[in-house]
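S.K.: have a look at this prediction, sequence included:
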Amino acid sequence: MTSTNNVSLIGQVTAQSQNLATLRQQLNDLSQQVTTGQTASDYAGLGTNAEPVLNLNAQQPLIQGYQSNITNVSNKMTMMNSALSQITSVGNNLVAAIQTQLQNSPSNVANVQQIAAQGLQTVEDMLNQNINGQYLFAGSNSTTPPFADSSTLNSNFNNEIQNWLATGNTSALTSAINGFSASNLGLSPGLATSGNVTTQVDANTNVDYTVKADGAGFQDLIRALTLVANTPYPTASNTATGPDYQNLMNSALTTAQKGVTEVNNTAQTLAGKFAQVKAIGNQNTSDLTIVQNQLSTLTSADTTSAITEMQALQTQLTSSYQVTSLVNKLSLVNYVTF
């Protein structure tokens, strides 16, 4: 009988010890939840929530990466839009100067030439706008300045203008300058082979925001500005006459107006891309909030409930320790008796 009781008591001691270990583990888990605010320290502790948490954790950095791309490209587009606006203003100023200051009088030629020269410098500067050495109007070849050689530009025009002064052949001059290639206009030869620039803004969308300096509008404005800046009013020693000059300025006016229209169209297209990027960015922000809320729901602990459970467990542990102590004593007495 005594032997049977011993076996029973040993089983009770074992069971009680296992119960204590379980209670201590539960207390540790609750303590960790209160300390960290998380239901578990690893995926294994999440149970059936492990798979959805894994998926959400994979989505979060992707969305954050798209948002980083959007911030970067938005900064570039903003700077590009500002440059396009200034280039358009230069073109409009030239148009206004030709229309108001070169009507049947050579007295304002020097002033208009100065306006054109300053405008040309502005266009060159705007086309070479960059962020941290990445040129905005260079396409994929973004480390090379798109406007490369003003001396070549002016030299090419001056040669043709001198021929015009000597011959008075306005159509030959306009034909020659309209035939100038991008590199003849001082633009980088690499623009011809430079690819488009794109950025991924969500899982399914790559936005192409390419605007290259060799676009038709830029070339037209460079032609008009350089022609006006470098063309003097004919003198008595020249074959070209005052009317020839007026015809040439009318041609420059038409080219400038065309360039302004083309650059405005480019700016509108870029504005549309900017609006698209902004809308997707807003959607990404919403998606990221949803993902973070879902993660919080699946992984965040209710610390108030955890503290209440800890208090209950501590009471239960105290009682269990007392029972374990009593069982151990009884077991020792029986062992001695046996």
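M.R.: Nice, I can see it.

S.K.: tell me what the helix or strand harbouring Ala275 is packed against?
M.R.: According to DSSP states H and E, Ala275 maps onto helix 242-299. Helix 242-299 sits against helix 50-101, helix 170-178, strand 198-202, strand 205-208, helix 216-230, with contacts defined as 3 or more CB pairs under 8 Å, 6 or more residues apart in numbering; DSSP states H and E. C-beta here means a position set from N, CA and C on the backbone, and glycine is covered the same way.

S.K.: that one vs helix 170-178, what angle?
M.R.: If you take axes from the mean of the first three to the mean of the last three CA atoms, to 10 degrees, helix 242-299 sits at 20 degrees to helix 170-178.

S.K.: part of a strand, is Thr143?
M.R.: No: in this structure, Thr143 is coil, not part of a strand, as judged by DSSP: H, G, I helix; E, B strand; the rest coil.

S.K.: so it sits against Asn130, correct?
M.R.: No: at 9.1 Å, Thr143 does not count as touching Asn130 under the criterion of CB atoms under 8 Å.

S.K.: of these two, who's got more company?
M.R.: Asn130 (16 against 11; other CB atoms under 10 Å).

S.K.: residues contacting that one?
M.R.: 136, 142, 145 (CB atoms under 8 Å, 6 or more residues apart in numbering).

S.K.: likewise Val197?
M.R.: Going by CB under 8 Å, 6+ apart, the list of residues near Val197 reads 139-140, 142, 208-210.

S.K.: what's the most distant pair in the residues you listed?
M.R.: Greatest spatial distance among the contacts of Val197 (CB to CB): Ser142 and Asp208, at 14.3 Å.

S.K.: these two - which one has more neighbours?
M.R.: Taking other CB under 10 Å, Ser142 and Asp208 do not tie; Ser142 has more neighbours (17 against 9).

S.K.: now Gly65: how far from Gln200?
M.R.: Distance of Gly65 to Gln200, given as CB to CB, to the nearest Å: 8 Å.

S.K.: same check on Ala236?
M.R.: Applying CB to CB to Ala236 and Gln200 gives a distance of 65 Å.

S.K.: and the two? which has more neighbours close in?
M.R.: More neighbours surround Gln200 than the other of Ala236 and Gln200, with 15 against 5 (other CB under 10 Å).

S.K.: ok, that one touching Val277?
M.R.: No: with contact defined as CB under 8 Å, Gln200 does not reach Val277; the gap is 11.0 Å.

S.K.: so what sits against both of these two?
M.R.: Contacts common to Gln200 and Val277, judged by CB under 8 Å, 6+ apart, are Val207.

S.K.: what's the average pLDDT for the helix holding Ala275?
M.R.: Mean per-residue pLDDT for helix 242-299: 91.

S.K.: that older thread, can I get the contacts of Asn130 in a markdown table with distance to Ile161 and pLDDT?
M.R.: Below are the contacts of Asn130 laid out as a markdown table (distance: CB to CB, whole Å; pLDDT from 0 to 100):
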| residue | distance to Ile161 | pLDDT |
| --- | --- | --- |
| Leu136 | 32 | 98 |
| Ser142 | 34 | 96 |
| Pro145 | 26 | 97 |
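
S.K.: just say helix, strand or coil for Gly195.
M.R.: For Gly195, the assignment made with three-state DSSP gives coil.

S.K.: now it. Nearest residue, chain neighbours left out?
M.R.: Ser140 (3.8 Å; CB to CB, 6 or more residues apart in numbering).

S.K.: next: Thr226.
M.R.: Take Thr226 and drop its neighbours on the chain: the residue closest to it by CB to CB, 6+ apart is Phe157, 4.9 Å away.

S.K.: mind telling me what element that neighbour is part of?
M.R.: Per DSSP H and E: helix 150-167 holds Phe157.

S.K.: now that helix against helix 170-178, angle please.
M.R.: Using the same axes, to 10 degrees, helix 150-167 lies at 170 degrees relative to helix 170-178.

S.K.: name the helices or strands packed onto helix 150-167?
M.R.: helix 170-178, helix 216-230.

S.K.: would you point to the one among the ones you listed that's packed deepest?
M.R.: Scoring those by mean neighbour count under mean count of other CB atoms under 10 Å gives helix 216-230 as the most buried, with a mean of 24.

S.K.: what inclination does that helix have with respect to helix 150-167?
M.R.: Angle, helix 216-230 to helix 150-167, by the same axes, to 10 degrees: 60 degrees.

S.K.: and the angle for helix 216-230 with helix 50-101?
M.R.: 30 degrees.

S.K.: who's in contact with Tyr135?
M.R.: Contacts of Tyr135 by CB under 8 Å, 6+ apart are 128-129, 142-146.

S.K.: mark which of those are buried, thanks.
M.R.: Buried subset of these (neighbour count, 16 or more other CB atoms under 10 Å): 128-129, 142, 145-146.

S.K.: that'll do, ta.
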